[in-house]
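Engineer: predicted coordinates and the sequence they were generated for:
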Amino acid sequence: MVKLFLKGGNILKLYQNGTVWTEKGYEKLDFLVEEGKLRTFYAGSGKRNSGSIEQKAGLEIENLESLYVYPGLIDPHTHAGIFEEMAGDFAGNDVNETSSPAVPSVRAIDAINPLDPGIETARNAGVTTICVLPGSANVIGGEGVVIKTSGNTVEKMVVPTQKKIIKMAFGRNISWFWGEQKKYPSTRLGISALLREKLIEAQNYMKKEEKEFDMGKELLVSLLKKEAVARIHVANLEDIETISRVAHEFDFEYVLDHATALHTNPKFAKKLGVKVILGPLNVAGRSFQTYDLCFESVKILLEQGIELSIMTDAPVIPLALIKIQMWLIDKFRLDRNEVLKMFTVNPAKVLGIYDRVGSLEKGKDADFFIMNGDIFDCSSKVLKTYIDGNLVGGEDYENTH
């Protein structure tokens with residue numbers, strides 16, 4: 001097939017007759033991809049004027065008749081690339097820097113292996129964007145980063161966010177780990193005390209006119225200035241209450257990650273007024289952090305008007321299995337558009353990248369995947385995954401590479 005090359009060697013391509021999912025539901029649409037962006041949408045090929053784009057000589061056209069098109073899935077909480085799949089428990093594990101319970105100066109970007117097999121299988125499953133975070137053994141775990149799931153170098157995979165992302169953690173992960181080391185903080189009392197201490201140090205540092213540069217304090221200052229958002233690992237309701245108290249004291253923005261027990265007090269959840277990232281919801285076993293875990297939490301929190309996203313916590317649940325949570329949520333017969341938003345629109349918003357990804361709209365990145373059936377049909381397959389308009393994954397891609 002002859003291809004129409006634009007300036008810089010980019011390809012102009014028209015996709016026709018696809019059943020495209022938008023925030024309003026399914027629509028029969030054609031769409032044009034140019035220079036890695038979604039340029040134009042048409043309401044079906046039969047409704048365009050005779051002078052439309054497909055009459056340009058050499059234009060590449062792909063017919064998507066009987067196929068479904070979805071925006072690339074987004075996982076807002078993973079450890080992909082820093083806790084590598086198939087690398088063994090120790091060799092590929094750089095999740096937690098355990099030299100101190102507070103390590104705000106570390107950055108997830110510095111440990112990501114872009115060739116982690118978990119990232120490759122993610123794009124084959126239609127996952128195009130992920131947030132990579134340090135782990136949960138630290139009260140302050142460092143800075144997270146958002147990346148696309150295709151590329152050989154991390155720098156080129158990064159998606160800039162509106163605000164910096166600071167990983168924090170409350171609860172028993174920390175008290176168990178540091179308690180075993182017989183170091184502070186070994187209780188949940190100490191966890192909140194340590195966070196307060198570090199934030200007060202940042203406040204005092206911010207007030208100084210002359211100071212020696214401190215990378216960790218600079219990151220916390222960005223939180224106090226509302227130039228960053230805290231992403232807080234938490235499970236139990238009493239810890240969520242403590243988080244809200246500390247956040248109010250220091251006036252910073254935060255998101256609850258996991259939030260396992262939040263649904264047990266719906267009125268309290270609604271009053272908090274924060275965004276929530278649930279998951280992983282399909283884990284085996286029970287502990288003090290997961291005994292309230294259930295899929296019904298999605299329904300309960302949605303009824304309170306809370307903006308929800310769903311995570312895999314990869315590699316806890318491999319990114320390739322992200323849709324299993326979608327199918328299990330579907331048993332509650334919720335609005336499927338709202339369910340899909342929890343894997344696309346909402347995580348894009350919580351990460352501050354909705355201007356680029358999360359939905360199929362004019363001007364956004366051409367990140368999408370094509371299936372041979374409805375995404376809620378577990379027999380449907382991802383045939384092709386595109387990132388920035390380039391074919392990077394899916395069953396058809398695997399069969400030709």
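Structural biologist: Perfect, I can see it now.
Engineer: lowest-pLDDT helix or strand in this protein?
Structural biologist: strand 4-5 (a mean of 34; mean pLDDT, DSSP states H and E).
Engineer: Trp38 should be in a helix, yeah?
Structural biologist: That one is not Trp; residue 38 is Leu. No: Leu38 is assigned strand when assessed by DSSP: H, G, I helix; E, B strand; the rest coil, not a helix.
Engineer: flag the shaky bits of the stretch 1-150 of the chain, pLDDT-wise.
Structural biologist: Along the stretch 1-150 of the chain, segments meeting pLDDT under 70 span 1-11, 44-58, 87-91.
Engineer: tally of neighbours for the closest residue to Ile317 other than its chain neighbours?
Structural biologist: In space, and not counting its chain neighbours, Ile317 is closest to Pro280: 4.3 Å by Cβ to Cβ, 6 or more residues apart in numbering. All C-beta atoms are positioned from the backbone trio N, CA, C, and that covers glycine. The number of residues packed near Pro280 is 20, by other Cβ atoms under 10 Å.
Engineer: what's the answer for Ala169, then?
Structural biologist: 29.
Engineer: specify the beta-bridge partners of it.
Structural biologist: His233 (DSSP bridges).
Engineer: any idea how far Lys24 is from it?
Structural biologist: 38 Å (Cβ to Cβ, to the nearest Å).
Engineer: can you check Pro347 too?
Structural biologist: For Pro347 relative to Lys24 (Cβ to Cβ), the value is 19 Å.
Engineer: which of these two has more neighbours?
Structural biologist: Set side by side, Pro347 and Lys24 show more neighbours around Pro347, with 30 against 7, by other Cβ under 10 Å.
Engineer: correct me if wrong: that one contacts Thr78.
Structural biologist: No: counting by Cβ atoms under 8 Å, Pro347 does not reach Thr78; the two are 10.9 Å apart.
Engineer: hmm, back to that, SS state for the residue nearest to Ile317?
Structural biologist: coil.
Engineer: so who does it touch?
Structural biologist: Met311, Thr312, Asp313, Val316, Ile317, Gln325 (Cβ atoms under 8 Å, 6 or more residues apart in numbering).
Engineer: quick check, central residue of this structure?
Structural biologist: Pro76 (1.8 Å; Cα atoms, centre = their mean).
Engineer: how much space between the nearest residue to that residue once chain neighbours are set aside and Glu218?
Structural biologist: Spatial nearest neighbour of Pro76, chain neighbours left out: Pro347 (4.0 Å); criterion: Cβ to Cβ, 6+ apart. Distance of Pro347 to Glu218, given as Cβ to Cβ: 27 Å.
Engineer: same deal with Ala102?
Structural biologist: 14 Å.
Engineer: who has more neighbours out of the two?
Structural biologist: A count of neighbours by other Cβ under 10 Å puts Ala102 above the other of Ala102 and Glu218, at 19 against 14.
Engineer: pretty sure that one contacts Val139?
Structural biologist: Yes: here Ala102 reaches Val139: they are 5.4 Å apart, a contact under Cβ under 8 Å.
Engineer: list the buried ones in stretch 204-213?
Structural biologist: Within stretch 204-213, the residues that qualify as buried are Tyr205, counting by 16 or more other Cβ atoms under 10 Å.
Engineer: run the chain-centre distance for it.
Structural biologist: 34 Å (Cα atoms, centre = their mean, to the nearest Å).
Engineer: one more: stretch 92-106?
Structural biologist: 21 Å.
Engineer: same check on stretch 235-251?
Structural biologist: 23 Å.
Engineer: in the chain, which strand has the most residues?
Structural biologist: strand 11-22 (DSSP state E).
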